[in-house]
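Novice: Quick one, fold the following:
(one chain, ligands or ions: 1)
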Amino acid sequence: SAVLAPNISSCNPPLNLPWDEREYNCCASVPSYEPELFRPTAPSSSAVVRIRRPSHLSSDDYAAKLAKGYSLMKELPDDDPRSFTQQAKVHCAYCNSVYNQMNSSELFQAHNSWLFFPFHRWFLYFHERILAKLLCDETFALSFWNYDHPNGTSVPWLYSATSDRYSILSTAERDARHDMPTSTAAMDLVLVSDDRTREEQLQENDNTIYRVMIRDSYAPEEFFGWPTRQGENPMSSSLSGTVESHIHNNIHRWLGNKSSIGWKDMGSFYAAAYDPLFYAHHAQLDRLWEVWKTIPGHMEYEDEDFLNAEFLFYNEVGEMVRVKAGDASNITMLGYSYEDVLLPWIEAVP
Ligand code: C2O
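Specialist: Coordinates of the predicted model:
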């Protein structure tokens, strides 16, 4: 059967913290009510569609708005489930396995299996709704880090520590050599990435994305990751899909601070979502899911245990809700879309 929403009434210390890391608590506050199932409904024809655009093409107005949203989020008291700290902790809770699965003694883990894409889509959905609420702007959408386009490979300017206008969108815990307008993100991160010329890296990036999106991901297992069901721990019994294990992990590690324990923020599960760029990185991966779907022959999972898998999130008014993986697959129902951009790699047969 499907992995049900985690049992949050008991919470364990995070698993797999880097060996020298201090103790860390990422348990969510437990509501006094039974979280209700939240199901997206078809938007009316007059409803706003929130359009996620490439981060590097952000206007000054958008950058200022995003920065404002994050400063409002960071000003919320730490124990408000919508605060920036609590948002980062959600990621830790599902990645460092602090909860058991409901009706099972096995831990809940949202990575390394078919739960990866729907979990992160829902996480971003609520994160975006919270920012929109704080900004009182229904049209507000996250942006995506468009590193599969040659103009989008650096840390997007508004998120960069080198641009001091929007320091709220940055973190001190980054690899400073990589957080530069001239640096090219390595989607295939290897030891020699830093020795490559920009041209060489762009070529490797095209090859990498072609492989993970087309050559090696024809079947849903290959793209989304392999199944995980109630009572199973994906870390030992499943496998991640191509995007998660390559682009996803590599960009995390590429950006994290190599002099900090566990290469935090981005290089470490528990700390990753403390970097605001985490959300633009995941919006990009979420967009790649949409791109993959448009490629002929690609079919999504229809397995009931996939569709019925569940997660818990606090929504924009601070109420905890339960959601299903299957309800994540249609972004029109979720009220957002991605701006179409060119996909130069689609012709880049390696
Ligand atoms: Cu939950 Cu990028 O990881």
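Novice: Point out the residues in the stretch 151-300 of the chain that sit beside the ligand.
Specialist: Residues of the stretch 151-300 of the chain lying close to the ligand (C-beta under 6 Å from any ligand atom) are H248, H252, A272, H282. Bear in mind the C-beta positions are built from the backbone N, C-alpha and C, glycine included.
Novice: Where does the protein get nearest to the ligand, residue-wise?
Specialist: Closest contact between the chain and the ligand, by C-beta to the nearest ligand atom, is at C95 (5.1 Å).
Novice: so what's that residue closest to, chain neighbours aside?
Specialist: Closest residue to C95 apart from its sequence neighbours, by C-beta to C-beta, 6 or more residues apart in numbering: F269 at 3.9 Å.
Novice: hang on, the earlier thing: go ahead and confirm the residue of the chain closest to the ligand touches F108.
Specialist: No - C95 is beyond contact range of F108, at 9.9 Å (criterion: C-beta atoms under 8 Å).
Novice: Show me which of the two is the more surrounded one.
Specialist: F108 (27 against 23; other C-beta atoms under 10 Å).
Novice: And the pLDDT for the more buried one?
Specialist: On pLDDT, F108 comes in at 94.
Novice: Might you report the residue contacts of it?
Specialist: By C-beta atoms under 8 Å, 6 or more residues apart in numbering, the contact list for F108 reads V3, P6, Y94, S97, Y99, N100, Q101.
Novice: Filter those residues down to just the buried residues.
Specialist: V3, P6, Y94, S97, Y99, N100, Q101 (16 or more other C-beta atoms under 10 Å).
Novice: Assumed the third one was part of a strand.
Specialist: No - secondary structure assignment places Y94 outside any strand; it is helix (DSSP: H, G, I helix; E, B strand; the rest coil).
Novice: per-residue confidence for it?
Specialist: On the pLDDT scale, Y94 is placed at 93.
Novice: For it, which non-adjacent residue is closest in space?
Specialist: A110 is the one closest to Y94 (C-beta to C-beta, 6+ apart), at 4.0 Å.
Novice: and the longest helix along the chain, which residues are buried?
Specialist: If you go by DSSP state H, the chain has its longest helix at helix 116-135. Neighbour counts using 16+ other C-beta under 10 Å place 116-135 of helix 116-135 among the buried residues.
Novice: Mind giving me the packing neighbours of that helix?
Specialist: For helix 116-135, the packing partners by 3 or more C-beta pairs under 8 Å, 6 or more residues apart in numbering; DSSP states H and E come out as helix 60-75, helix 84-95, helix 277-293, strand 310-314.
Novice: just for this protein, where's the confidence low?
Specialist: Within the chain, the segments meeting pLDDT under 70 span 350.
Novice: nearest spatial neighbour of the residue nearest the centre of it, skipping sequence neighbours?
Specialist: The centre of the chain sits closest to H282, judged by C-alpha atoms, centre = their mean, with a distance of 3.1 Å. Leaving out its chain neighbours, the residue that sits closest to H282 by C-beta to C-beta, 6+ apart is H120, at 5.1 Å.
Novice: Intersect the buried residues of helix 116-135 with the contacts of the ligand.
Specialist: Restricting these to those near the ligand by C-beta under 6 Å from any ligand atom leaves H120.
Novice: now S32, what's its secondary structure?
Specialist: Per three-state DSSP, S32 ends up coil.
Novice: one step back: how far away is the residue nearest to H282 from A328?
Specialist: According to C-beta to C-beta, to the nearest Å, H120 stands 9 Å off from A328.
Novice: In contact with the closest residue to L239 other than its chain neighbours, which residues are there?
Specialist: In space, L239 comes closest to W226 once its chain neighbours are excluded; the distance is 4.5 Å by C-beta to C-beta, 6+ apart. Shown in contact with W226 (C-beta under 8 Å, 6+ apart): S113, W114, S238, L239, S240, G241.
Novice: Selecting buried members of the residues you listed in ChimeraX, what would you type?
Specialist: For the buried members of the contacts of W226, the matching ChimeraX selection, counting by 16+ other C-beta under 10 Å, is:
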select :113,114,238,239,240,241
